[in-house]
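Student: Let's see this in three dimensions:
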Amino acid sequence: MIRVLILSLFTLVSWPLWAAQLNVQPGSGTLANAIAGAALGDVLSLDAGRYEGAIVIDRPLTITGTHDAVIDGMGFGTVITIDAPDVAVTGITVTGSGLASPDLDAGIKILKKADRALVEHNRLLGNLHGVDVHGGHDAIVRGNIIEGTKNPRMNDRGNGIYVWNSPGTLVEGNTVRWGRDGIFSNTSRKGTYRNNLFRDLRFAVHYMYTNDSEVSGNVSIGNHLGYAIMFSNKVILKDNLSLSDLSHGVMLNYANNADVSGNLVRGGADRCTFIYNAHKNLIYGNRFEGCNIGIHFTAGSERNVLTGNAFIGNRTQVKYVGTRDIEWSFEGRGNYWSDHPAFDLGGDGIADGPFRPNDLMDHILWSQPAAALLTGAPAVQLIRWAQSSFPATLPGGVVDSAPLMAAPTVTVLPEYTAMEADAVQRRNESDLDDFDVNDLASH
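Tutor: Prediction:
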């Protein structure tokens with residue numbers, strides 16, 4: 001019995017050493033036949049050409065080739081289904097999935113127990129979902145070019161990368177364009193999503209019930225919303241760029257214990273940051289620039305720390321309606337405010353006086369929008385002058401007791417700046433009537 005166990009273990013460990021490399025010719029059914037005849041660990045190298053019909057990989061294999069090797073699902077179902085552990089799909093083109101949303105049709109689908117799948121350096125073009133990681137653990141989706149559909153309506157399209165209940169997933173270095181969301185992570189944990197580029201989407205990264213994970217080094221350009229962290233706990237959101245996204249740069253919605261740091265949001269979003277019913281988050285070292293509202297803080301969000309951030313040139317730096325003071329400094333270090341006429345006689349980098357970004361008139365205007373007609377009236381200006389001269393008359397709200405004299409800087413590569421300019425130009429020349437950015441019902 002012991003000999004049988006040792007022999008079985010040796011076989012499982014050493015079978016890749018005996019794997020063969022097999023060339024596969026294009027055609028209808030040729031790849032499916034090659035998979036059916038392959039041994040564990042074989043490498044199927046695809047010659048240039050079109051391979052028609054969907055395939056299922058039901059044993060540990062590597063399928064590789066060049067981008068001229070095209071697997072075409074012919075418009076039906078999922079093109080490649082991975083239904084075994086330790087499968088690699090690298091370097092090829094995958095296209096022609098079906099468009100059935102209830103079936104989650106995809107270019108590549110990784111099923112439950114198909115652990116350690118590798119999807120790398122492929123082109124996934126015109127599929128409903130690009131890659132659907134649907135239950136497999138420790139998948140790697142790296143270096144792919146994913147271009148989704150452009151029609152019909154944006155909410156009816158699929159996601160570039162969909163992660164569902166797939167702990168340990170690594171999504172790295174992909175370029176995702178068109179479709180619905182760049183990455184939609186739902187009911188998962190311990191994932192790492194980093195250094196990806198997202199363009200022309202609804203959300204760049206969309207989290208629902210995804211815990212203990214990291215979103216870092218990503219670039220979102222010209223999307224409706226950059227990074228939406230919703231109903232999730234212990235998320236690291238750091239060093240990401242949101243360039244000319246339309247609605248929000250960063251959203252924390254029922255998100256708790258997050259580390260939000262080193263991010264840049266710029267370019268005219270309605271809200272650089274939206275904090276809604278989110279608690280015990282550390283928000284530091286971010287730069288929020290040129291939005292209609294720098295940060296909208298609402299719905300009883302408690303015990304958050306904001307320090308070392310920069311609020312630059314936003315039409316309204318902070319929107320907060322409340323009757324009590326909220327302190328936005330930590331251990332003697334606050335945030336930088338571009339509209340704070342500060343002095344630093346001590347030379348320690350901290351302004352000599354506190355800063356309140358909102359006054360009584362702001363609260364009136366938010367609760368009674370029609371009052372905006374009176375903004376330029378002498379009475380309104382008198383009230384604002386009185387409050388600036390006598391701070392004790394100010395209502396409850398955000399107080400920064402240690403404002404910074406200098407803003408943190410975030411570098412943007414010239415290639416991303418060029419993409420941002422292109423996105424703004426195309427947006428100005430088009431209409432966006434196919435999507436209501438406030439309708440978050442379809443996740």
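Student: make it CA atoms for all contacts and neighbour counts henceforth
Tutor: OK.
Student: List the residues that contact Asn253.
Tutor: Going by Cα atoms under 8 Å, 6 or more residues apart in numbering, Asn253 touches Ala228, Ile229, Met230, Phe231, Phe274, Ile275, Tyr276, Asn277, Ala278.
Student: my bad, His129
Tutor: Leu104, Asp105, Ala106, Gly107, Gly148, Arg157, Gly158, Asn159, Gly160, Ile161, Tyr162, Gly179.
Student: could you redo the last one with a cut-off of 7 Å?
Tutor: Asp105, Ala106, Gly107, Gly148, Gly158, Asn159, Gly160, Ile161 (Cα atoms under 7 Å, 6 or more residues apart in numbering).
Student: Just the buried ones from the contacts of Asn253?
Tutor: Ala228, Ile229, Met230, Phe231, Phe274, Ile275, Tyr276, Asn277, Ala278 (16 or more other Cα atoms under 10 Å).
Student: those helices in this protein, which residues are they?
Tutor: For the chain, the helices defined by DSSP state H occupy 2-14, 30-37, 360-367, 378-389, 414-428.
Student: who does the second one touch, helix- and strand-wise?
Tutor: Going back to what we said before, that points to helix 30-37. With contacts defined as 3 or more Cα pairs under 7 Å, 6 or more residues apart in numbering; DSSP states H and E, there are no secondary structure elements packing on helix 30-37.
Student: Find the residue closest to Ala39 in space, skipping its chain neighbours.
Tutor: Once flanking residues are discounted, Ala39 sits nearest to Ala19: 7.2 Å by Cα to Cα, 6 or more residues apart in numbering.
Student: State the number of residues packed around that neighbour.
Tutor: 15 (other Cα atoms under 10 Å).
Student: So it sits against Asp42, correct?
Tutor: Yes. The criterion here is Cα atoms under 7 Å, and Ala19 meets it with Asp42 at 4.6 Å.
Student: who are the neighbours in contact with Leu243?
Tutor: Counting by Cα under 7 Å, 6+ apart, Leu243 has contacts Ser220, Ile221, Gly222, Val265, Arg266, Gly267, Glu420.
Student: I'd like the distance between the residue nearest to Ala39 and Leu46.
Tutor: 16 Å (Cα to Cα, to the nearest Å).
Student: Please report phi then psi for the residue nearest to Gly267 when sequence neighbours are not counted.
Tutor: Leaving aside its chain neighbours, Gly267 sits nearest to Ser244 (4.2 Å; criterion: Cα to Cα, 6+ apart). The phi and psi values for Ser244, taken as degrees, to the nearest 10, are phi 60, psi 40.
Student: From what I see, Ser244 and Ala269 are in contact.
Tutor: Yes. Under the criterion of Cα under 7 Å, Ser244 makes contact with Ala269 at 6.3 Å.
Student: hang on, the earlier thing: ok, now how distant is the residue nearest to Ala39 from Ile92?
Tutor: For Ala19, the distance to Ile92 - Cα to Cα - is 21 Å.
Student: what's the answer for Pro354, then?
Tutor: 58 Å.
Student: quick one: which of those two has more around it?
Tutor: Remark: of Pro354 and Ile92, Ile92 carries more neighbours, 25 against 17, as counted by other Cα under 10 Å.
Student: Contacts only, for the more buried one.
Tutor: With Cα under 7 Å, 6+ apart, Ile92 has these contacts: Thr64, Gly65, Thr66, His67, Asp68, Ala69, Val70, Asn122, Arg123.
Student: which residues does the first one bridge with?
Tutor: Okay, so that is Thr64. When bridges are called by DSSP bridges, Thr64 pairs up with Ser45, Thr90.
Student: Surely it is in contact with Ser45?
Tutor: Yes. Using Cα under 7 Å, Thr64 is in contact with Ser45, at 5.0 Å.
Student: The residue nearest to Val24 when sequence neighbours are not counted: what's it in contact with?
Tutor: Using Cα to Cα, 6+ apart and skipping the chain neighbours, the partner closest in space to Val24 is Leu46 (5.0 Å). Residues near Leu46 by Cα under 7 Å, 6+ apart: Asn23, Val24, Gln25, Thr64, Gly65, Ala69.
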